[in-house]
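> Could you look at this predicted model? Sequence included:
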Amino acid sequence: MPSVVVVGLQWGDEGKGKVIDLLAEFADVVVRFQGGANAGHTVRFGDTKIITNLIPSGASRPGKKVIIGPSVVLDPDRLLGEIQALQAGGFLVEPERLLISDRCHLVLPYHKLLDEAREKSRGRAKIGTTLRGIGPCLEDKASRLGIRAADLLQTTELEDKLAMRVREVNALLRMYGFAEVDIKQLLADTMDKAERLKSYLADVGEIVRLEMERGKNILFEGAQGAMLDIDHGTYPFVTSSSTIAASACTSLGISPQKIDLVVGVLKAYTTRVGEGPFPTELHDERGEILRQAGGEFGATTGRPRRCGWLDLVALKYAVALNGAGYLCITKLDVLSCFDELQIGVAYQLDGNPLPGIPARSAVLARVEPVLEKAEGWKNYPGRICDIREQQDLPRETKKYLDKISGALSVPVGLISVGPTRAETIMVKNPFRR
């Protein structure tokens, strides 16, 4: 039975939450494999709206086992609040459905303080971090100074680790002019969270491997997008984890041979949150029209997103990084307000063609996109959000989709024509071979 990885092919916010919710209907297990509380996934059905930051979007589907993998960094406060909110809404009411890796590193209050202190110290060179402590937590992981979920089970060892870490943290906070962390209060708060979380902890890598052996359908859920990958994205304007499909294997400890399909999610246009290069960004009223029509405000932070035309250069790069074999195109309905569209098909630098994505963000910030015009479907007499079959889409819409699929050499498998579950065209089910 298939194992399917879902990843974003842009700068995040592609609509992965809806896609994962839809595909979770056909999965037995849904696994979040990277990121932290800096990523928000939104699911809408009927009058219900669910936003998750850490728990897989598959939690909206009854009976599914949902797993948080080892590479996810956990903010205990956010996680407990999310569990409570989901249960209050009638979701995830069976606690045994949720399993959390005991290898997850914990985002603690001092990580958020360090995040804020460093961002402020950068001044005009700020990155645009969400201030959720993700970067400092992963720094501790790489320095082998991190606190993992498994440490919550050993009080004495946890006390020693926190005491050692807080000494250095307080020295840094003093340097930045921030108040120091109270170690006693930190320990008391952490132990309180430990009591409430420890029943969820498990060796989830072993569980996923066993589920694969049993022939279960596994859906792996990524966060952010390929262009925010720590190694391959627009560094330093990136997240602090690996966002590409291969991260599912390294996080859970499974062989790449076990992955049957990578599903790449892209918005019908392009958005970006925070700082960093964005070649096809619109700085005029068209960008604002996209923002308002698409509700382009962060699910986690509420920050307005920068908006622009579809960028095929960045998408080709992202498809190659992930080995995407199936495209989900979201928010197609948002483009219905334009009678003419444009698509970024190439880059130029100082008047010369620029192949691919340069390593230096300063170079990417200088490129000029080569734009091609495409017909819009503003004059279509109906609403495309009411269409449920691909062949019933307006001629101009089908040409736009064919342009994307042809340029990327990947078939379109799912089309989102509105924010709710029902407003979807599933061309091919990735769990049905």
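Looks like it came in fine.
> For the rest of this, base every contact and every neighbour count on C-alpha atoms.
Noted.
> Could you tell me which residues make contact with the closest residue to Y326 other than its chain neighbours?
The spatially closest residue to Y326, leaving aside those adjacent along the chain, is V263, at 4.9 Å (C-alpha to C-alpha, 6 or more residues apart in numbering). Listed by C-alpha atoms under 8 Å, 6 or more residues apart in numbering, the contact set of V263 reads V4, V5, V6, V7, A324, G325, Y326, L327, C328.
> Could you give me the buried positions within the one helix or strand in the chain whose mean pLDDT sits lowest?
For the chain, counting by mean pLDDT, DSSP states H and E, strand 41-45 ranks last in confidence among helices and strands (a mean of 78). By neighbour count on 16 or more other C-alpha atoms under 10 Å, the buried set for strand 41-45 is H41, T42, V43, R44.
> list the contacts for the second one?
Going by C-alpha under 8 Å, 6+ apart, T42 touches G15, G17, K18, K49, I50, I51, T52, S57, A299.
> how does it look with 7 Å?
G17, K18, I50, I51, T52 (C-alpha atoms under 7 Å, 6 or more residues apart in numbering).
> what comes into contact with stretch 195-212?
Identification of contacts with stretch 195-212 by C-alpha under 7 Å, 6+ apart yields G69, L98, L99, I100, S101, D102, L252, G253, I254.
> What strands line up against the least confident helix or strand of the chain, and which way round?
Its sheet considered, strand 41-45 pairs with strand 48-52 (antiparallel) by DSSP bridges.
> thinking again about what came up before, taking the contacts of T42 as a set, which two sit the farthest apart in space?
Taking C-alpha to C-alpha as the measure, the contacts of T42 reach their widest spread between K18 and T52, a distance of 11.3 Å.
> now the strands for the stretch 51-200 of the chain?
Assigned by DSSP state E, counting those that start in this stretch, the stretch 51-200 of the chain shows strands spanning 65-68, 98-101.
> Most tightly packed of those?
strand 65-68 (a mean of 27; mean count of other C-alpha atoms under 10 Å).
> what does the average pLDDT come to for it?
The average pLDDT for strand 65-68 rounds to 96.
> partners of it, with directions?
Strand 65-68 has its sheet partners listed here by DSSP bridges as strand 29-32 (parallel), strand 98-101 (parallel).
> Just the buried positions in the strand ranked longest in the chain, please.
Longest strand in the chain, counting residues (DSSP state E): strand 340-349. For strand 340-349, the neighbour count (16+ other C-alpha under 10 Å) marks L341, Q342, I343, G344, V345, A346, Y347 as buried.
> Go through these and say which is closest to G146.
Using C-alpha to C-alpha, the buried residues of strand 340-349 come closest to G146 at Y347, 41.4 Å.
> Quick check: bridge partners of the closest one?
For Y347, the beta-bridge partners are P369 (DSSP bridges).
> I'd say it and E368 touch.
Yes - when contacts are counted by C-alpha atoms under 7 Å, Y347 is listed as touching E368 (5.7 Å).
> Check the residue nearest to G8 when sequence neighbours are not counted and give its pLDDT.
Of all residues not flanking G8 in the chain, G225 sits nearest, at 4.2 Å (C-alpha to C-alpha, 6+ apart). On the pLDDT scale, G225 is placed at 96.
> Residue numbering should commence at 35 henceforth.
Understood, numbering begins at 35; the last thing we discussed is G259.
> Hmm, G259 is touching W45, no?
Yes - between G259 and W45 a contact is recorded at 4.8 Å, counting by C-alpha under 7 Å.
> higher neighbour count, those two?
Between G259 and W45, G259 has the larger neighbour count (other C-alpha atoms under 10 Å), namely 26 against 23.
> For I89, the count of nearby residues, please.
Around I89 there are 26 residues (other C-alpha under 10 Å).
> now the one helix or strand D436 maps to, how far from the chain's geometric center?
Using DSSP states H and E, D436 sits within helix 429-442. Chain-centre distance of helix 429-442: 25 Å, with C-alpha atoms, centre = their mean, to the nearest Å.
> which parts of it are buried?
So for helix 429-442, counting by 16+ other C-alpha under 10 Å, buried means E430, T431, Y434, L435, I438, S439, L442.
> will you turn the residues you listed into JSON lines that also has distance to Q219 and pLDDT?
JSON lines is the format used below for those (distance: C-alpha to C-alpha, whole Å; pLDDT from 0 to 100):
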{"residue": "E430", "distance to Q219": "61", "pLDDT": "97"}
{"residue": "T431", "distance to Q219": "58", "pLDDT": "98"}
{"residue": "Y434", "distance to Q219": "57", "pLDDT": "98"}
{"residue": "L435", "distance to Q219": "55", "pLDDT": "98"}
{"residue": "I438", "distance to Q219": "54", "pLDDT": "98"}
{"residue": "S439", "distance to Q219": "55", "pLDDT": "98"}
{"residue": "L442", "distance to Q219": "53", "pLDDT": "98"}
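> Touching the lengthiest helix in the chain from outside, list them.
In the chain, taking DSSP state H as the definition, the longest helix is helix 189-210. Applying C-alpha under 7 Å, 6+ apart, the contact partners of helix 189-210 are L148, A151, L179, D185, L186, A213, E214, V215, I217, L221.
> which residues does the second one contact?
Put plainly, it is A151. Residues in contact with A151 (C-alpha under 7 Å, 6+ apart) are Y210.
> how about low-confidence regions in the stretch 35-184 of the chain?
In the predicted model, the stretch 35-184 of the chain carries pLDDT under 70 at residues 35.
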